[in-house]
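>>> okay, sequence plus prediction incoming.
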Amino acid sequence: MSIKPLVILPDPVLRQLSKPIERVDEPLRKLADDMLATMYDAPGIGLAAIQIGTPLRMLVIDLAKEDEEPAPHVFINPEILSRSDERSVYEEGCLSIPDYYAEVERPAAVRARYLDRDGKMQEIEAEGLMATCLQHEIDHLDGVLFIDHISKLKRDMVVRKFKKLAKEKAPSRMVG
């Protein structure tokens, strides 16, 4: 397993639509393992393939706490089948928007269908943090960021901040 560099806002890659996966094979499982290693290293609880610059419809989640055994989940071509009317609010963060957190309201529960790492069709009834995390990561596959669920004013401030940071980190060009 290798750790991949994370794509950070304002990189336009984060707004790309991820492509459906045609075949679950060994290279795809290796990508899933690399995503898990990257997520654990960050550290985070979820990661979409687009966040390492790979526009494929795959994400990984592990909600195990530090003192618990890892419980990694791989979701290939995930799709939400239904959402609850009940809503919940979680303070969300994102590995592609480091050190920024905001409260986001989403459906409290979802039912989703996906392929597992063996290519078998699965369904999950998720609630609480798993429901929030699944929705957050599936949003990434559609080019949507959690900041798209907050006020325009706050979103614009965050985007400005990250554009400024990216500009400061960009190598300056030598003249002459």
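Done, it's in.
>>> for the residue lying closest to D85 once chain neighbours are set aside, give me the pLDDT.
Counting by CB to CB, 6 or more residues apart in numbering, D85 lies nearest to P107, which is 7.6 Å off, once chain neighbours are set aside. Every C-beta, even on glycine, is put in place using the N, C-alpha and C of the backbone. P107 is assigned 98 on the pLDDT scale.
>>> where does the prediction get shaky in the protein?
171-176 (pLDDT under 70).
>>> quick one, helices of it?
Using DSSP state H, the helices found in the chain span residues 26-41, 128-141, 152-169.
>>> which other residues reach the last one?
Meaning helix 152-169. I8, L9, P10, D11, I97, Y100, A102, I147, D148 (CB atoms under 8 Å, 6 or more residues apart in numbering).
>>> now do 10 Å
8-11, 96-98, 100, 102, 145-151 (CB atoms under 10 Å, 6 or more residues apart in numbering).
>>> list the buried residues for it?
R155, V158, F162 (16 or more other CB atoms under 10 Å).
>>> quick check, distance from it to the centre of its chain.
19 Å (CA atoms, centre = their mean, to the nearest Å).
>>> which parts of this structure are strands?
46-48, 58-61, 73-83, 87-94, 97-107, 109-115, 121-127 (DSSP state E).
>>> any chance of those in TSV, plus distance to P20?
TSV is the format used below for those (distance: least, CB to CB, whole Å):
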stretch	distance to P20
strand 46-48	14
strand 58-61	10
strand 73-83	5
strand 87-94	23
strand 97-107	23
strand 109-115	10
strand 121-127	14
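>>> looking at those, which one is packed in the most?
With neighbours taken as mean count of other CB atoms under 10 Å, the strands of the chain reach their highest mean count in strand 46-48, at a mean of 28.
>>> all set now, cheers.
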